[in-house]
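Chemist: I would like to see how this sequence folds:
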Amino acid sequence: MKYNNSLILGVDPGLEKTGYGLIKVDGNEEKLVEGGVVRSKVGIPIEDRLVSIFKGISEVITEFKPSVVVIEEIYIHKSHPKTAVIMGYVRGIILMTARLNSIPVLSYPATTIKKFLTGSGRASKQQVQKMIMKRLRINKVPSPDDVSDALATALCHSCSVSINRIKKL
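Modeler: Reported below is the predicted structural model:
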């Protein structure tokens, strides 16, 4: 996989809002390309909502042609099993969309994402957002949170790749 001038698409899957964040990595420099959300309409059948997410993420992939798609692994909380199932649907749509476009997909647990960005797997959302701002040299927190979560995922992968390159030296 090529890492200079590569585009990393981070995705934060959600049924109402799926956040995405696209960064360009050139050597040690990371730049924000775009961030946004794909929305699905509340109150319509879930299959129609999933189609909306598929179409929205497909548009992003078609426009920017990322080198890799990175997504957070699902965290299953025992008191919210239905949420985990729904997130699995959305995650499946993201995986399928990437595969249909021949783009590799990688997943990271939330604790790994936080650790790569802040040094602690238990970092707060605010700590992660501060590191996003610092690493991408931007003046305000990407909004909504779905976008900053997606950017954190993309930056985590950038860190992981950099560390693996150093280990190989």
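Chemist: shouldn't residue 41 be within a strand?
Modeler: No: using DSSP: H, G, I helix; E, B strand; the rest coil, the assignment for residue 41 is coil, not a strand.
Chemist: ok, how many other residues are close to it?
Modeler: Residues near residue 41, counting by other Cβ atoms under 10 Å, number 9. From N, CA and C alone the C-beta is placed, and that goes for glycine too.
Chemist: pretty sure it is touching residue 51, no?
Modeler: No: using Cβ atoms under 8 Å, residue 41 is not in contact with residue 51; the gap is 10.7 Å.
Chemist: alpha carbons only: can I get stretch 145-163 in PDB?
Modeler: In PDB, the C-alpha atoms belonging to stretch 145-163 read as follows (Å, rounded to 0.1, in the frame of the first residue of the first chain):
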ATOM      1  CA  ASP A 145     -19.000  14.700  16.900                       C
ATOM      2  CA  ASP A 146     -19.500  12.000  14.200                       C
ATOM      3  CA  VAL A 147     -17.000  13.900  12.000                       C
ATOM      4  CA  SER A 148     -14.400  14.200  14.800                       C
ATOM      5  CA  ASP A 149     -14.800  10.500  15.600                       C
ATOM      6  CA  ALA A 150     -14.200   9.600  11.900                       C
ATOM      7  CA  LEU A 151     -11.200  11.900  11.700                       C
ATOM      8  CA  ALA A 152      -9.800  10.300  14.900                       C
ATOM      9  CA  THR A 153     -10.100   6.900  13.200                       C
ATOM     10  CA  ALA A 154      -8.300   8.100  10.100                       C
ATOM     11  CA  LEU A 155      -5.500   9.600  12.200                       C
ATOM     12  CA  CYS A 156      -5.200   6.400  14.300                       C
ATOM     13  CA  HIS A 157      -4.500   4.500  11.100                       C
ATOM     14  CA  SER A 158      -1.900   7.100  10.000                       C
ATOM     15  CA  CYS A 159      -0.100   6.700  13.300                       C
ATOM     16  CA  SER A 160      -0.300   2.900  13.000                       C
ATOM     17  CA  VAL A 161       1.300   3.000   9.500                       C
ATOM     18  CA  SER A 162       4.000   5.400  10.700                       C
ATOM     19  CA  ILE A 163       4.900   3.200  13.700                       C
END
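Chemist: hey, what's the residue lying closest to residue 151 once chain neighbours are set aside bridged with?
Modeler: Nearest in space to residue 151, with sequence neighbours left out and distances taken as Cβ to Cβ, 6 or more residues apart in numbering, is residue 21 at 3.4 Å. When bridges are called by DSSP bridges, residue 21 pairs up with residue 10, residue 35.
Chemist: give the other helices and strands that the top helix by length along the chain contacts.
Modeler: Counting residues, the longest helix found in the chain (DSSP state H) is helix 145-168. Helices and strands touching helix 145-168, by 3 or more Cβ pairs under 8 Å, 6 or more residues apart in numbering; DSSP states H and E, are strand 6-12, strand 17-26, strand 29-39, strand 68-72, strand 105-108, helix 110-118, helix 125-136.
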